[in-house]
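> Any chance you could fold what I've pasted below:
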Amino acid sequence: MLQSGAHAQAVDLGMTDRIVDEGQRRSEVMAIAQYLSDEIGGRLTNSPAARKAEAWTQERFRGWGLWNVRKEGFFFGRGWWMERSSVRMVTPRPLALNAIPISWTPPTNGTITAPIVFAPMRTRADLAQWKGKLAGKIVLISPTDGVMTLPAASRLSADEFARMEKYEPPKFASDSAAMLDRSYFFPRQTEDFLKAEGALAYARITKRDGKIVMGDGYRYAPGDESPLPGVEIAAEDYRRLARFADAGREPTLAIESVVHYDDSDPQAYNIFAEIPGSDPKAAYVMAGAHLDSSPAADGAADDGAGVAMVMEAARILSKMPRPHRTIRFALWGAEEQGMIGSSAYVEQRLGKRVLPTEPKVTSNGRFWFQSSSWPIVLRPTWNELSVYFNLDNGSGKIRGIYAQRNMAAMPIFREWLAPFASMGATMVAASESTGDDNEYMQLIGVPGFQFIQDWNDYGRMHHTSMDTFDHLDPDDMRQASIILASFLWNAANMDKRFPRRPMPTEPGGPGRENDPGS
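Residues are numbered from 1 along each chain as shown. Model (predicted):
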C-alpha cells in the first residue's frame, strides 16, 4: 500500500486496477467527444448548439445512472450563431479570403461591397487621425504585427518539467486599469467611433498564422451590441490587403454575414450530476470542464476533450462501489467570456470578495472577480466542497498536476500519481495554473487544481478554425479519464477533508495581499 501525509491514507490499488480496466476496455470517451464535436459542433454561449449540448450531456449522465442531474442558470445575455458568411476581394483581382464574422456582431443584411481603408488603431490618439476619412468604407483596424507562429504538436519536454518543479514566488495583485481599458473599453470605443464616422463594416487580423481564423467577440449583453458588422481575416489575407492599400491600390471587398441573435433565454447554464456518497454529511469532491466553446470550429480540444474526459470519469465511477463522499461533476457555461459560470457557482455556493466602491464592470453587467478586493465573505456551504479538479488543456495525456502552492497537497498527489508513472504521469508542480475554472475557488481559499497535460496540437488549435475532432488523441484521452477518475475516488474516500492553504488576509498595501498564495 502507498502511504502519504496526515490527510491521506492507503491508496486502494485494487480499485485503481478496476478503474484502469473499465477506462481501457469499455471506454466511451471518444464517442462522447465525437458527438460533441461532429453532431453538435461549436457551442458559443447561449447559441442553439449550446442549448443542445446542455440537454444532451444531462441525458448521458442520467443514462449512466447518476443522481441529481440538473442545470443551474446565471444571467448572461444574448445568444448568437452564424448561418453562413463570405468575404471576397473584388479588386484589384477576385479572390476568396479566409475570414469569419466576429461573434455577436450584426449581420450585413445582404452583401456590403466597398473599398477598404487600412487604418490601424492601437490608442485613442489613432482614432482622431482618421476622423472624416472612413465614411462608406470597410475599415481594417488592426496593425499587421503581433501574429504568432505556433509549433506543431509537441509533448512536454524535460526542460519544461524542470521549470515546473521550481517554486515561483506569487505575483501579487496590481492595478489592472490599463489592461482593462485595452481589452474591454478601447475596442468598444473603436467600434462606436467607426459607426459615427459612417464606416460600413470593419475587419481585424487573426493573431495566428496558417490561414486560420478565430472570430471571438464579447458584446453579448442587451444594450451593448456591436454597431457594425465585423469580420476577422486570416493573417496572410489581411496582410495582402494592407500591402495593396499601402501601394495605393485601394482594394474593394464584398462581405456577406448571415448571422442571428437569440434572445429566447438570457440565462446561461452550468450542468451538474452526482454520484452520491455513503455519508451525506461529508464534504463533496468535484471535477469539471467547460461546455461552451469559441465560434470558429467545433470546440473539440477547447474544451470538448475536457468535457468528454470528465463525463467518461463519471461513467467509469458509476460502475464502481459507492464512495464515502459525494462526487459532483460540473460542465461550466460561459467560460470563454471570463469564467462566468464557475464564478457564479463560487459566489452562490462558496463565497465572494466584496467589490470595491467603483468596480470595473463586464459587458454583461457582472463584475470581474477582484483578486485584491476585501473582505472575503464566505457562504455557510464553503466547507462542503473538499477539493475540485479541472481539465481544460486539450486532449493531451495527464503528465501531472499543479499544486497551486498548496504544500500539504504535494505529497498526497505524489502518492495518487505513483500507480500511473508507467503512463507518463509523474509531475507535481508547486506552481499555480491561472485562467481556468479552478481559479476563483483558489481566490477564496477552496482547493481547486488544474492537471498538467501534454500540449499535442492544443497551442495551434486553441480558439481557431482548426479545433476539430481529427486533432484529438484517443490514447491520451483514455489515460486522462482514468487518472481523473482515480483522483476523484481517492479524494472521495479520504478520512479527512482535503488540506487547504491559509485563508487570504486583508491587503497589506496598494495592490498587495499579505497571503503569499493570493
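
> use CA for all of it now, contacts and neighbours both
Noted.

> ok, and what's touching stretch 338-347?
When contacts are taken as C-alpha atoms under 8 Å, 6 or more residues apart in numbering, the neighbours of stretch 338-347 outside the stretch itself are 74, 268-270, 332-335, 352, 368-369, 436-438, 440-441.

> Mind jotting down where the helices sit in the stretch 301-450 of the chain?
305-318, 340-345, 409-417, 439-443 (DSSP state H, counting those that start in this stretch).

> what do you get for the chain?
Secondary structure of the chain (DSSP state H): helices located at 13-25, 29-34, 48-63, 124-129, 158-165, 177-180, 186-196, 235-246, 305-318, 340-345, 409-417, 439-443, 458-461, 474-492.

> tell me the most buried of those helices?
Looking across the helices of the chain with neighbours counted as mean count of other C-alpha atoms under 10 Å, the highest average goes to helix 305-318: a mean of 28.

> what sits against E439?
When contacts are taken as C-alpha under 8 Å, 6+ apart, E439 is in contact with 433, 448.

> gap between it and I340?
For E439, the distance to I340 under the criterion C-alpha to C-alpha, to the nearest Å works out to 12 Å.

> low pLDDT regions in the stretch 401-518 of the chain?
Residue ranges of the stretch 401-518 of the chain with pLDDT under 70: 505-518.

> change it to 80
Low-confidence segments of the stretch 401-518 of the chain (pLDDT under 80): 457, 459, 504-518.

> Nearest to I138 among the helices of the stretch 301-450 of the chain would be which one?
Taking C-alpha to C-alpha as the criterion, helix 340-345 is the member of the helices of the stretch 301-450 of the chain that comes nearest to I138, at 33.2 Å.

> buried set for stretch 223-235?
When burial is assessed from 16 or more other C-alpha atoms under 10 Å, stretch 223-235 yields the following buried residues: 225-235.

> now the strands for the stretch 101-250 of the chain?
Taking DSSP state E, counting those that start in this stretch as the test, the strands found in the stretch 101-250 of the chain are 111-118, 138-140, 201-205, 230-233.

> Need the winner for burial among these.
Most buried of the strands of the stretch 101-250 of the chain by mean neighbour count (mean count of other C-alpha under 10 Å) is strand 230-233; its value is a mean of 28.

> ok now stretch 118-134, how far from the chain's centre?
For stretch 118-134, the separation from the chain centroid amounts to 32 Å (computed by C-alpha atoms, centre = their mean, to the nearest Å).

> Show residues contacting it.
With C-alpha under 8 Å, 6+ apart, stretch 118-134 has contacts from 117, 139-143, 186, 190, 193-194, 197-199, 242, 245-246.

> Neighbour-wise, give me the winner out of the contacts of stretch 338-347.
Ranked by the number of neighbours (other C-alpha atoms under 10 Å), the contacts of stretch 338-347 place G333 first, at 32 neighbours.

> Just give me the longest strand of this protein.
Longest strand in the chain by number of residues (criterion: DSSP state E): strand 79-91.

> Export it to CSV, keeping only CA atoms.
Listed in CSV are the C-alpha atoms of strand 79-91, where the atom choice follows Å, rounded to 0.1, in the frame of the first residue of the first chain:
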residue,chain,number,x,y,z
GLY,A,79,-27.2,34.1,-27.9
TRP,A,80,-25.6,34.4,-31.4
TRP,A,81,-25.0,32.0,-34.2
MET,A,82,-23.6,32.0,-37.7
GLU,A,83,-25.5,30.6,-40.7
ARG,A,84,-23.0,31.4,-43.4
SER,A,85,-20.5,34.1,-44.4
SER,A,86,-18.4,35.2,-47.3
VAL,A,87,-15.5,37.7,-47.6
ARG,A,88,-14.1,38.3,-51.1
MET,A,89,-11.6,40.7,-52.6
VAL,A,90,-13.3,42.1,-55.7
THR,A,91,-10.5,44.4,-56.9
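
> I'd like to know which elements it is packed against.
Applying 3 or more C-alpha pairs under 8 Å, 6 or more residues apart in numbering; DSSP states H and E, one finds that strand 79-91 makes contact with strand 95-96, strand 99-101, strand 252-262.

> what mean pLDDT would you report for stretch 230-245?
When pLDDT is averaged over stretch 230-245, the result is 97.

> again with stretch 112-127
The average of the pLDDT scores along stretch 112-127 is 94.

> Check stretch 343-356 too.
87.

> ditto for stretch 89-101
Within the predicted structure, the mean pLDDT of stretch 89-101 is 98.
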